[in-house]
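Asks: structure for this input, please:
(chains A and B)
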Amino acid sequence: MSAAATAAELLAVMGSRQLTDDTTVFAGVGVPLLAAALAQQRHAPRLTIVVEGGIIGPQIKPGRLPISTNEMRAGHRALMLPGITDVFLFAQRGFLDYGFVGGAQIDEHGNINTTALGSDYWRPQVRLPGTGGANDITSLCREVIILTAHEKRRFVKRVDFITSPGWIDGDGSRRRAGLLFGGVSRVVTTLGIFGFDPESRRMRIEALHPGVALPTVRDNTGFELLEADKIAVTEPPTAGELTILRALDPERRFLG
Amino acid sequence: MGDPDLTPAAYDFVAARRRLEAKAKSAAEKLTSIEDAAARVHDGDVIAVGGCLFSRTPMALVREVLRQRRRGLTLARNLMCTEGEFMMVAGAVERVVTAWMSIGLPWGVSKIMREYVEGGKVAFEEWSHLALGLRFRAAAMGVPFLPALTMLGSDLVPVGGMKTIDDPYTGTRLAAVPALFPDVALLHVHRADRLGNCQIDGYPHMDVDIARGAATVLVTTEEIITEEETRRRPDRTVLPGFVVDALVHVPFGSYPHECYGLYEADFDHFEEYTGAINARGAQAVADYLGRYVYAPPTYADYLDLFGGERLARQQRQAKELVPGS
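Replies: Coordinates of the predicted model:
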């Protein structure tokens, strides 16, 4: 049945595989929510999805995927609607295991910029929409997983503005800034899966998707990537995974 | 512009308390006209807008504030949508205090926001979503700040002038998120009685904290219920009447944004609106304001521009998403 996976499908599948059962995940609309729903239907039936709009345990209606995290579609068949401030306070308390985020710029320490391009915050070259809840997710969840297309303009040595802190400058700087918990554990891209050196907290290649060569990754990254001792190759998306995803988004609003 | 320092008025809990003490907190009739309600907004006010993005936006109040040609406003809202673009193009707002602004993911980055912020016409004071929620909650609690573990280590800290504090018990460094006491809160709710006791279905968003923190609270409601009905289900009341200064009965008061369980957001309308902006930029919004805000004399005339069939369709879609509503 299955045609080759699109970039969005690949991201959703690889993202979903990062989630384990009996956990909680903070997921935004689009690919992150699809990844979480896929995990729930496939290998993590006891996963609880939490959405920024103040929603706990929604069951997304196939074909009616939400456009924002704060609208009726996002809360379809939810278990609880505690409100926005309180849903983030669940994360501050430590109830949220995983958080999915994306970003316009990502740097070698996993810091994310969704605020502005340019050097003057008040008169930016390009004003972006802002953090939304991404800063809170990266500050408060136990583990943060970045899901993103892999492009050179996106993977920069240093973000213009740290909207959402990853490991900041590495070497313990995140903890020294007062962020006592969590941090970015994985960067899942259209080319591979990346982690961070435990000391320097610089990004390193851990796995490549099938058919992706190492030079391709380096050519599409604006900084020097470290390498894990052994670089794995990911399993391609299975027909079963793609069938579930495509049923969730039959209009292909987010799957491309 | 671009003053990175906090305005002391935002977190001055003593002044905010005095202001509330000086105000009548009456269990009296609050029902009035939309014109009378919106006239309580003054040039230069800090306005907090309830709802979130395109959910339960107090559109009728926003529309009337624009009709009364207010100027120099600061608009505080956690996620801002079309109402922020209207205020920018109308020249009503000089600063937005928010975590995120655009229409919604499918429509990309707001071109209007980019033009006004990059051009220096409007200051964009960015806070994390939780931090802005805690600013409203601190105000609702009557305290000058709340400790938190968020926003630390990011470049957002100096933007709004947030300070840190050492925990007196453990010595740990914490964010000291400052209160934001708005001059006026604009809210839209599902139902209220004539005294202003309000009930909200579905997402609470930040409305309750906004109202409790504000000096003046203006509310529109989909439905007016009797005081007897309020007394039958007091557990559903989220704001007591003494918090509310003016109440207006406005069915479809969020349209074309959604009201939980009652009508879904009109995405076709968003398509037309953003399509016009893609073609003609800010002039498209100016034209839109002429057609939807300034020309129709009443809110009923405004709703007629969408038509009863469209409104009924959006109601049906809401019922599919929230069965039993």
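Asks: C-alpha from now on. contacts and neighbour counts both.
Replies: OK.
Asks: what's in contact with stretch A:214-229?
Replies: Residues outside stretch A:214-229 that contact it (C-alpha atoms under 8 Å, 6 or more residues apart in numbering or on different chains): A:107-108, A:150-157, A:191, A:197, A:202-206, A:208.
Asks: one more time with 10 Å, if that's ok
Replies: By C-alpha atoms under 10 Å, 6 or more residues apart in numbering or on different chains, the residues outside stretch A:214-229 that reach it are A:106-108, A:150-158, A:190-192, A:194-197, A:202-208, A:231.
Asks: what about that stretch, start to end distance?
Replies: 14 Å (C-alpha to C-alpha, to the nearest Å).
Asks: tell me the average confidence for it?
Replies: Mean per-residue pLDDT for stretch A:214-229: 98.
Asks: how about stretch A:102-109?
Replies: 95.
Asks: that one and chain B, any residue contact?
Replies: No - using C-alpha under 10 Å from any C-alpha of the partner chain, stretch A:102-109 never reaches chain B; the gap is at least 11.4 Å.
Asks: start to end distance for that stretch?
Replies: Termini of stretch A:102-109 sit 14 Å apart (C-alpha to C-alpha).
Asks: how about the strands of the stretch 101-250 of chain B, start to end?
Replies: Under the criterion DSSP state E, counting those that start in this stretch, the stretch 101-250 of chain B contains strands at B:123-126, B:145-148, B:163-166, B:173-178, B:184-193, B:198-199, B:216-225, B:237-239, B:246-249.
Asks: just the buried ones from the contacts of stretch A:214-229?
Replies: Taking 16 or more other C-alpha atoms under 10 Å in any protein chain shown as the criterion, what is buried in the contacts of stretch A:214-229 is A:106-108, A:150-151, A:154-158, A:190-192, A:194-197, A:202-208, A:231.
Asks: and stretch B:68-88, does that touch chain A?
Replies: Yes - Stretch B:68-88 reaches chain A (C-alpha under 10 Å from any C-alpha) through B:78-80.
Asks: of the residues you listed - the most surrounded one?
Replies: Within the residues of stretch B:68-88 next to chain A, most neighbours by other C-alpha atoms under 10 Å in any protein chain shown means residue B:78, with 32 neighbours.
Asks: dihedrals phi and psi, it?
Replies: Residue B:78 has phi and psi values of phi -60, psi -50 when expressed as degrees, to the nearest 10.
Asks: shouldn't it be in contact with residue B:102?
Replies: No - between residue B:78 and residue B:102 no contact is recorded; they are 11.7 Å apart, counting by C-alpha atoms under 10 Å.
Asks: which residues are in contact with both of these two?
Replies: residue B:53.
Asks: before we move on, back to that, among the residues of stretch B:68-88 next to chain A, which one lies nearest to chain A?
Replies: residue B:79 (7.1 Å; C-alpha to the nearest C-alpha).
Asks: contacting residues for that closest one?
Replies: A:70, A:129-133, B:49-55, B:97-104, B:129, B:132.
Asks: where in the chain is pLDDT low?
Replies: Reading this off chain A. A:1-2 (pLDDT under 70).
Asks: other chain: chain B
Replies: Checking chain B against pLDDT under 70 turns up B:1-5, B:325.
Asks: okay, helices next: where are they in it?
Replies: B:8-11, B:13-21, B:34-38, B:59-67, B:82-89, B:111-118, B:129-141, B:156-160, B:207-213, B:227-232, B:267-280, B:282-288, B:299-306, B:308-321 (DSSP state H).
Asks: export the ones you listed to JSON lines and tack on mean neighbour count?
Replies: Compiled in JSON lines, the helices of chain B are given as follows (neighbours: other C-alpha atoms under 10 Å in any protein chain shown):
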{"stretch": "helix B:8-11", "mean neighbour count": "18"}
{"stretch": "helix B:13-21", "mean neighbour count": "15"}
{"stretch": "helix B:34-38", "mean neighbour count": "20"}
{"stretch": "helix B:59-67", "mean neighbour count": "23"}
{"stretch": "helix B:82-89", "mean neighbour count": "23"}
{"stretch": "helix B:111-118", "mean neighbour count": "21"}
{"stretch": "helix B:129-141", "mean neighbour count": "26"}
{"stretch": "helix B:156-160", "mean neighbour count": "19"}
{"stretch": "helix B:207-213", "mean neighbour count": "27"}
{"stretch": "helix B:227-232", "mean neighbour count": "13"}
{"stretch": "helix B:267-280", "mean neighbour count": "14"}
{"stretch": "helix B:282-288", "mean neighbour count": "17"}
{"stretch": "helix B:299-306", "mean neighbour count": "16"}
{"stretch": "helix B:308-321", "mean neighbour count": "16"}
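Asks: would TSV of these with distance to residue A:218 be doable?
Replies: Output for the helices of chain B, formatted as TSV (distance: least, C-alpha to C-alpha, whole Å):
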stretch	distance to residue A:218
helix B:8-11	48
helix B:13-21	53
helix B:34-38	57
helix B:59-67	49
helix B:82-89	40
helix B:111-118	32
helix B:129-141	34
helix B:156-160	30
helix B:207-213	48
helix B:227-232	64
helix B:267-280	36
helix B:282-288	41
helix B:299-306	52
helix B:308-321	45
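Asks: residues contacting residue 247?
Replies: All of this is about chain A. A:62-63.
Asks: I was thinking of chain B, sorry if that wasn't clear
Replies: B:29-34, B:36-37, B:187-188, B:192-198, B:217-221, B:224, B:241.
Asks: residue B:224 now?
Replies: So residue B:224 contacts B:31, B:190-196, B:198, B:247-251 (C-alpha under 10 Å, 6+ apart).
Asks: pick the one among those residues closest to chain A.
Replies: residue B:190 (14.5 Å).
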